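Visitor: Sharing a model that was predicted from the sequence below.
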Amino acid sequence: MPDRALDPRSLTVTGLLLTAVVFVASAAAPQLLSAEDRHVRSSEDDALPDWFPANTRSLEVIEGAVLLHEPHSKSKLRGSLLRETRVPASGQTVAADEASDCGYYLEIRSNAWICGRKLRPSDLPPKGNPQPRLSVHGLVPFRYGKVRKGGAPAWNRSSDVNQTSPTAHYREGFMLATQGRPGNDVLRTRDGNFVRETDLEVFEPSRFQGVELDGTYGITELAWVKELRASVRPSPIEPVADRLMHLSRHLIRDAYWPGWVEVEGKEGVVALGSLARPTVVPPPEEVEPDEKWIDVDLDSQTLIAYEGPTPVYATTISSGRRRPDRETPVGTFRVWAKFSTTKMDNIGNKNTASDYSADAVPWVQFFNGSIALHAAYWHNSWGNRMSHGCINLAPKDARWIFEWTGPYLPDGWLSVRPGSTDPGTLIRVRESDREPEPAERRTARQPLRSP
């Protein structure tokens with residue numbers, strides 16, 4: 001059943017394993033030397049440690065494992081790995097501290113150490129699958145649905161559906177990730193239960209995507225229609241002559257009348273309030289000349305990705321609603337954790353009017369406590385405020401931005417946090433008429449307010 005809400009900053013090593021999508025398998029650990037017989041081995045060393053078989057080409061993760069910044073049990077987290085990922089065996093190794101039962105730690109990447117008890121030698125080359133793995137539809141990782149009115153009974157075996165009493169129950173409005181179709185009207189949830197498809201409102205994720213910018217046109221000429229239809233009129237006081245379709249992209253320019261714009265290829269003007277129109281702004285002072293950074297404008301509901309002063313990608317978003325418990329905070333932040341997928345809910349949060357739960361939200365980037373950039377598979381209302389505080393993105397936009405920002409998520413990793421050579425990308429959230437606060441490291445824990 002849905003987990004209780006957690007601020008991801010508060011996750012322990014155990015908590016991260018429970019949150020990430022991992023599958024545990026039992027396997028024998030390799031034979032290890034005692035701590036006093038081990039040595040620190042540099043990555044330049046050609047010889048394998050003498051407790052690895054001679055034919056070792058990689059080390060296979062035998063159960064979902066966390067990665068640490070430093071090789072000791074009290075280190076802060078660096079990320080998490082998927083079971084069956086094979087990591088290079090050539091990294092530096094050190095003996096584990098007495099408080100750990102790891103035997104040894106292996107550095108698989110800068111500031112990324114894994115416990116030796118999670119590994120076994122393999123004669124296969126290193127390999128990791130990109131995460132999240134997409135469904136057969138190729139847009140999102142799972143088939144998602146919202147529980148209909150009255151809730152959804154669930155069974156722990158597909159053959160028991162409608163034949164025996166349910167073993168679980170999902171609450172109305174909660175969103176589930178499902179995979180496979182064992183037969184007839186039955187879907188398997190990500191946590192291993194089976195539900196009737198008729199008890200879910202199955203989502204069709206948005207296929208909208210913003211645009212990569214190559215200098216073909218100025219970014220201030222771009223706009224997307226955020227209403228179901230936008231009216232085109234010869235002048236603001238004349239009858240409607242044409243319509244622009246929802247989320248269609250257009251080139252525009254300011255018209256004679258304030259608050260109205262002309263649209264390329266159309267005879268007439270459109271109210272600017274019907275459109276999501278990005279605007280170029282200078283980088284924050286702390287941004288290096290060619291550094292990647294992101295600007296989110298809450299007023300226009302747009303996002304622009306920059307490299308230094310140059311915009312490289314633009315799209316329209318959905319931020320938090322204008323309510324005290326849902327507004328998206330303004331300020332300048334840095335990505336502090338990225339998850340290929342994670343559950344987002346507010347169960348047990350007494351500061352919210354109602355509960356929600358969204359399973360396996362993909363391409364999640366936390367930047368301000370529990371506020372994140374992430375894909376939203378449950379709506380298509382880009383350009384309008386829709387969320388509980390996070391920045392909702394269409395799946396294609398979320399994936400593009402996730403893969404573009406730092407810290408980079410290597411293949412086979414489920415989550416990653418910044419390292420000394422892989423910092424988190426700066427994200428500035430602003431309202432057009434408000435100056436954001438300077439970037440800083442925020443440690444205050446906040447209630448999970450997304451998606």
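Guide: Sure, I can see it.

Visitor: contacts, neighbours, all on C-alpha from now
Guide: Fine.

Visitor: can you list the weak-confidence ranges in the protein?
Guide: The model of the chain has pLDDT under 70 over residues 1-49, 136-137, 181-184, 216-217, 347-354, 433-451.

Visitor: Quick test: name the residue nearest the centre of it.
Guide: Most central in the chain under CA atoms, centre = their mean is residue 364, positioned 1.4 Å from the mean C-alpha point.

Visitor: and the nearest residue to that one once chain neighbours are set aside, what does it touch?
Guide: Nearest residue to residue 364, sequence neighbours excluded (CA to CA, 6 or more residues apart in numbering): residue 374, at 4.4 Å. By CA atoms under 8 Å, 6 or more residues apart in numbering, the contact set of residue 374 is 361-365, 390-393, 398, 451.

Visitor: Surely the residue nearest to the centre of the chain and residue 338 touch.
Guide: Yes: counting by CA atoms under 8 Å, residue 364 touches residue 338, with 5.6 Å between them.

Visitor: what about the helices in the stretch 301-450 of the chain?
Guide: Using DSSP state H, counting those that start in this stretch, the helices found in the stretch 301-450 of the chain span residues 395-404.

Visitor: Please enumerate the strands of it.
Guide: Applying DSSP state E, counting those that start in this stretch to the stretch 301-450 of the chain gives strands spanning 302-307, 310-316, 331-334, 337-345, 357-368, 371-375, 391-393, 413-416, 426-430.

Visitor: between those strands, which one is nearest to residue 163?
Guide: Proximity to residue 163 (CA to CA) singles out strand 357-368 among the strands of the stretch 301-450 of the chain, at 26.7 Å.

Visitor: Return the list of helices and strands in contact with the closest one.
Guide: strand 175-183, strand 331-334, strand 337-345, strand 371-375, helix 395-404 (3 or more CA pairs under 8 Å, 6 or more residues apart in numbering; DSSP states H and E).

Visitor: can you state the direction angle for that strand and strand 371-375?
Guide: Put simply, strand 357-368 runs at 120 degrees to strand 371-375, going by axes from the mean of the first three to the mean of the last three CA atoms, to 10 degrees.

Visitor: hey, C-alpha coordinates of strand 357-368 in CSV?
Guide: Below are the C-alpha coordinates for strand 357-368, written out as CSV (Å, rounded to 0.1, in the frame of the first residue of the first chain):
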residue,chain,number,x,y,z
SER,A,357,-0.4,9.4,-3.8
ALA,A,358,1.3,9.2,-7.2
ASP,A,359,3.2,6.0,-7.8
ALA,A,360,6.5,5.7,-9.8
VAL,A,361,6.7,9.4,-10.9
PRO,A,362,9.5,9.5,-13.5
TRP,A,363,12.5,11.8,-14.0
VAL,A,364,12.4,13.5,-10.6
GLN,A,365,14.8,16.2,-9.7
PHE,A,366,14.6,17.6,-6.1
PHE,A,367,15.9,21.1,-5.8
ASN,A,368,14.2,22.7,-2.8
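
Visitor: Show me what counts as buried in that strand.
Guide: Within strand 357-368, the residues that count as buried by 16 or more other CA atoms under 10 Å are 357-368.

Visitor: Would you tell me which of the helices and strands packed on strand 357-368 gets closest to residue 54?
Guide: Within the helices and strands packed on strand 357-368, the stretch nearest residue 54 is strand 337-345; the backing value is 34.7 Å (CA to CA).

Visitor: That closest one: partners in the sheet, and parallel or antiparallel?
Guide: Sheet pairing of strand 337-345 (DSSP bridges) gives strand 357-368 (antiparallel), strand 413-416 (antiparallel).

Visitor: I'd like these as CSV, with distance to residue 206 appended.
Guide: Listed next are the strands paired with strand 337-345 as CSV, based on distance: least, CA to CA, whole Å:
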stretch, distance to residue 206
strand 357-368, 13
strand 413-416, 24
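
Visitor: Of those strands, which is nearest residue 89?
Guide: Closest to residue 89 of the strands paired with strand 337-345, according to CA to CA: strand 413-416, at 16.5 Å.

Visitor: if we can go back for a sec, pull the contacting residues for the residue nearest to the centre of the chain.
Guide: 338-342, 372-375, 402.

Visitor: Recalculate using a threshold of 7 Å.
Guide: Residues in contact with residue 364 (CA atoms under 7 Å, 6 or more residues apart in numbering) are 338-341, 372-374.

Visitor: which of those count as buried?
Guide: Among the contacts of residue 364, those scoring as buried are 338-341, 372-374 (criterion: 16+ other CA under 10 Å).

Visitor: can you list these in CSV and add distance to residue 169?
Guide: Shown next, in CSV, are these (distance: CA to CA, whole Å):
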residue, distance to residue 169
338, 30
339, 27
340, 27
341, 23
372, 29
373, 30
374, 27
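
Visitor: between these, which is closest to residue 297?
Guide: Nearest to residue 297 among those: residue 373, at 13.4 Å, using CA to CA.

Visitor: what pairs with that closest one across the strands?
Guide: Beta bridges link residue 373 to residue 365, residue 391, judged by DSSP bridges.

Visitor: so who does it touch?
Guide: By CA under 7 Å, 6+ apart, residue 373 lies in contact with 364-366, 390-392.

Visitor: could you redo the last one with a cut-off of 6 Å?
Guide: By CA atoms under 6 Å, 6 or more residues apart in numbering, residue 373 lies in contact with 364-365, 391.

Visitor: ok, the closest residue in space to residue 389 that isn't next to it in sequence - contacts?
Guide: Excluding the flanking residues, the one nearest residue 389 by CA to CA, 6+ apart is residue 320, at 4.0 Å. Residue 320 is in contact with 326-328, 385-389, counting by CA under 6 Å, 6+ apart.

Visitor: Adding neighbour count, write those out as a markdown table.
Guide: As requested, those are exported to a markdown table (neighbours: other CA atoms under 10 Å):
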| residue | neighbour count |
| --- | --- |
| 326 | 20 |
| 327 | 19 |
| 328 | 26 |
| 385 | 22 |
| 386 | 22 |
| 387 | 20 |
| 388 | 25 |
| 389 | 27 |
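
Visitor: between these, which is nearest residue 238?
Guide: residue 385 (29.5 Å).

Visitor: Quick one: residues contacting that closest one.
Guide: Contacts for residue 385 (CA under 6 Å, 6+ apart) come out as 318-321.

Visitor: do the same with residue 241
Guide: By CA under 6 Å, 6+ apart, residue 241 lies in contact with 232-233.

Visitor: Check the gap between it and residue 264 for me.
Guide: 15 Å (CA to CA, to the nearest Å).

Visitor: Alright, that wraps it up for me.
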